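**Student:** give the three-dimensional model of this entry:
(chains A and B)
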Amino acid sequence: MNGAKPFDWRHTPGLSVYTALIFVFFYAPLLILVIYAFNSSRLVTVWSGFSFKWFIAVANNGAIRDAAFNSLIIAIVATIASTAIATAGALALERGRLRFGRGAATALIAMPLVVPEIVVAITTLIFFSGLGMHHGLINLMIAHTVFCIPFALLPIQARLRDMGGTLEEAGRDLYADEWRLFRRITLPLLTPAILAGAIMAFVVSLDDFLISMMVSSAGSTTLPVYIYGMMRLGVTPEVNAISTILLTVSIIFVAAALLVGRRNRFA
Amino acid sequence: MGPNRTYLLIAPAMLVIGIFMVLPLFLAVGYSFMTANPYGGVTQPPTFDAYLQFLYQRDFDDSLVFSPSYALIILRSVYLAVATTLICLVLGLPVAWYIVCQTPERRRVLLFAVTLPFWINTLIRTYCWILILRDEGLANGALRHAGIISDPLPLLYNDGSILLGLVYTFLPFMVLPIYSTLERLDPRLIEAAYDLYASRTAVFRRIVWPLARPGALAGATLVFAPALGSFLAPDLLGGGKKLLIGSLIQMQFTSSRNWPFGAALSTVVTVVVLTVFVIRSRKAGEQRR
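**Tutor:** Sure thing, here's the model as predicted:
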């Protein structure tokens, strides 16, 4: 041995510090928001003690409650509809025999991810106004269902690909018919992924701002649209508090989706 | 599964997206060739006015006068989207490489940490920067406290703050695809290179970068497309004064009430974005072969 360290390509000098800085860039702004939300001062940037009062103010605000209720209803309907549609679509793409149009189907389903959100927002507005449909909540439920489909589809499709077709083939060898095969083998194995997809769809619907802003009408304001209105009036502790709540909800749901998704990996 | 059942299963997804997404896109193309109705919506007769408006303004005597203001907004949007893409690439590539170098367990944690911001509301993530950058914000407060400045610096409402907001929003879109291509890298290639006396930079230039390029290309597409049509960063961090395509489109459907022009802008943005995606998937296809 000449004392020289064996070469380690996994270690680039300075890279860990650099990466840590990038993660600070990702998370410090969010942390600052959360800290300010607990600031008792009305002046957002002057710290004058820890307080829950802005959260209480948010909870007592009827307009915020209405907007949150709208968001929740829309998200629940969009989640159920998009997850059902996505599950069927994923089964067809992974297990089906498409003689033609697989590329077209994949491209079509990816459309909501590819087309810029502002374009989706205004084309949806044009479409509904052209039809003379002015039912704020229903329009939003439909619009949200559309862009939630790919988000619900991705984890389900990935899971179907991972688990392969061997278990289904074994079932077929044992003379199970297609429906039984689905009920007894495919669906139970797929349930965690469907749940993960549903949670993703729920979070995406809850977070949508641009499309809701363009499509919603007076009675159908969603939470992000309402928060945006508050932000336009200026930086206030209430905005920090309600933003912190929404942030926490998203993190809880995504962590849940991840845990649910991971548990089935070894099934 | 038989073909009939397959088509039955895929039909709802295709119908819903076809009717409520693709059909409206075509409708918007149609609207872009109509005359604006000052009360919102469109009327007859069909014209090319909306597209002429990109470069010309109609004067009082109905003559066309060259006016570059909209073209400049479009150019600035493209420039900011390209800048966002490049900055994300420079910032994101080392992070992706760092994650690849970790143990599987740490990789999973770090990947989750990169993905999480993606699921947090963009509105809220953009708003955080207002808290930091505004005149009474954290950055100015810290600088003043340190005695470096006496008057607040105008950190907000300029191209720089928009760019910062865009990079902050879209950086995960760059890290993840690069990571997923580098993940498949065979470490023996690097070890062989070192045995042949290649330096770190040579290894990066000759092995890591060529292997990361498809991911970088995918990431560039995923960053550029939404950055081009972005609304929130220019609106909140640009203060609404610095218009970009996204806000310009939104304005045509709200305050300006010029639906054909808004539809024409949307059509152009969509065509640009779809072209970028098609070129990319062609390239990706070639590389696979």
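**Student:** enumerate every residue touching residue A:106.
**Tutor:** residue A:93 (Cβ atoms under 8 Å, 6 or more residues apart in numbering or on different chains). (Each C-beta comes from the backbone N, C-alpha and C, glycine too.)
**Student:** so which residues on the stretch 151-267 of chain A come close to chain B?
**Tutor:** Contact residues, the stretch 151-267 of chain A versus chain B (Cβ under 8 Å from any Cβ of the partner chain): A:153, A:178, A:200, A:203-204, A:206-207, A:209-210, A:214, A:224, A:227-228, A:231, A:235, A:239-240, A:243, A:246-247, A:250-251, A:253-254, A:258.
**Student:** 7 Å - rerun?
**Tutor:** Residues of the stretch 151-267 of chain A that fall close to chain B, judged by Cβ under 7 Å from any Cβ of the partner chain: A:203, A:207, A:209-210, A:214, A:224, A:227-228, A:231, A:235, A:243, A:246-247, A:250-251, A:254, A:258.
**Student:** check the residues you listed for burial and list the buried ones.
**Tutor:** Listed as buried from these are A:203, A:207, A:209-210, A:214, A:224, A:227-228, A:231, A:235, A:243, A:246-247, A:250, A:254, A:258; burial here means 16 or more other Cβ atoms under 10 Å in any protein chain shown.
**Student:** which helix is the longest one in chain A?
**Tutor:** The residue-count maximum for a helix in chain A (DSSP state H) belongs to helix A:62-95.
**Student:** which elements pack onto the longest helix belonging to chain B?
**Tutor:** Counting by DSSP H, the longest helix found in chain B is helix B:69-100. For helix B:69-100, the contact count by 3 or more Cβ pairs under 7 Å, 6 or more residues apart in numbering or on different chains; DSSP states H and E identifies helix A:15-37, helix B:104-119, helix B:159-182, helix B:209-228, helix B:245-253 as packing neighbours.
**Student:** circling back to that earlier point, looking at the buried ones among the residues of the stretch 151-267 of chain A next to chain B, which is nearest residue B:8?
**Tutor:** Set against residue B:8, the nearest of those by Cβ to Cβ is residue A:203 (29.4 Å).
**Student:** so who does residue 55 touch?
**Tutor:** You didn't say which chain, so I picked chain A. Residue A:55 makes contact with residue A:241, according to Cβ atoms under 7 Å, 6 or more residues apart in numbering or on different chains.
**Student:** hm, I was asking about chain B
**Tutor:** If you count contacts by Cβ under 7 Å, 6+ apart, residue B:55 has them with B:66, B:71.
**Student:** what's the distance between it and chain A?
**Tutor:** Noted for residue B:55: a distance of 21 Å to chain A, by Cβ to the nearest Cβ, to the nearest Å.
**Student:** do you know how far that residue is from residue B:33?
**Tutor:** Counting by Cβ to Cβ, to the nearest Å, the gap from residue B:55 to residue B:33 is 17 Å.
**Student:** buried ones in the longest helix of chain A?
**Tutor:** Applying a neighbour-count criterion of 16+ other Cβ under 10 Å, the buried positions in helix A:62-95 are A:64, A:67-68, A:70-71, A:74-75, A:77-79, A:81-95.
**Student:** check stretch A:154-173 too.
**Tutor:** Those would be A:154-160, A:163, A:168, A:171, for stretch A:154-173 by 16+ other Cβ under 10 Å.
**Student:** neighbours of residue 174, how many?
**Tutor:** You didn't pick a chain, so chain A it is. Residue A:174 has 9 neighbours, counted by other Cβ atoms under 10 Å in any protein chain shown.
**Student:** other chain: chain B
**Tutor:** Residues contacting residue B:174 under the criterion other Cβ under 10 Å number 29.
**Student:** likewise for residue A:40?
**Tutor:** Around residue A:40 there are 13 other residues, counting by other Cβ under 10 Å.
**Student:** can you give me every residue that contacts it?
**Tutor:** By Cβ under 7 Å, 6+ apart, residue A:40 lies in contact with A:48-51, A:53.
**Student:** among the helices and strands packed on helix B:69-100, which is nearest residue B:191?
**Tutor:** Between those, helix B:209-228 lies closest to residue B:191; by Cβ to Cβ that is 14.6 Å.
**Student:** list the buried residues for the helix or strand where residue A:200 lies?
**Tutor:** Element membership for residue A:200 (DSSP states H and E) is helix A:187-207. Residues of helix A:187-207 classed as buried under the neighbour-count rule (16+ other Cβ under 10 Å) are A:189-190, A:192-207.
**Student:** now stretch A:128-144
**Tutor:** Buried residues in stretch A:128-144, counting neighbours by 16+ other Cβ under 10 Å, are found at A:128-129, A:136-137, A:139-144.
**Student:** try stretch B:94-104
**Tutor:** Buried positions in stretch B:94-104, judged by neighbour count with 16+ other Cβ under 10 Å: B:94-102.
**Student:** and the pLDDT for the residue of the stretch 101-250 of chain A found nearest chain B?
**Tutor:** Nearest residue of the stretch 101-250 of chain A to chain B (Cβ to the nearest Cβ) works out as residue A:116 at 2.9 Å. Listed pLDDT for residue A:116 reads 90.
**Student:** same deal with residue A:190?
**Tutor:** pLDDT, residue A:190: 89.
**Student:** give the closest residue to it in space, chain neighbours not counted.
**Tutor:** Excluding the flanking residues, the one nearest residue A:190 by Cβ to Cβ, 6 or more residues apart in numbering or on different chains is residue A:159, at 6.1 Å.
**Student:** that neighbour reaches residue A:191, doesn't it?
**Tutor:** No: with contacts counted by Cβ atoms under 7 Å, residue A:159 stays clear of residue A:191, the gap being 9.7 Å.
**Student:** dihedrals phi and psi, residue B:62?
**Tutor:** In terms of degrees, to the nearest 10, the main-chain angles of residue B:62 are phi 70, psi 10.
**Student:** what about it, distance to chain A?
**Tutor:** In this view, residue B:62 and chain A are 27 Å apart by Cβ to the nearest Cβ.
**Student:** tally of neighbours for that residue?
**Tutor:** By the criterion of other Cβ under 10 Å, residue B:62 has 6 neighbours.
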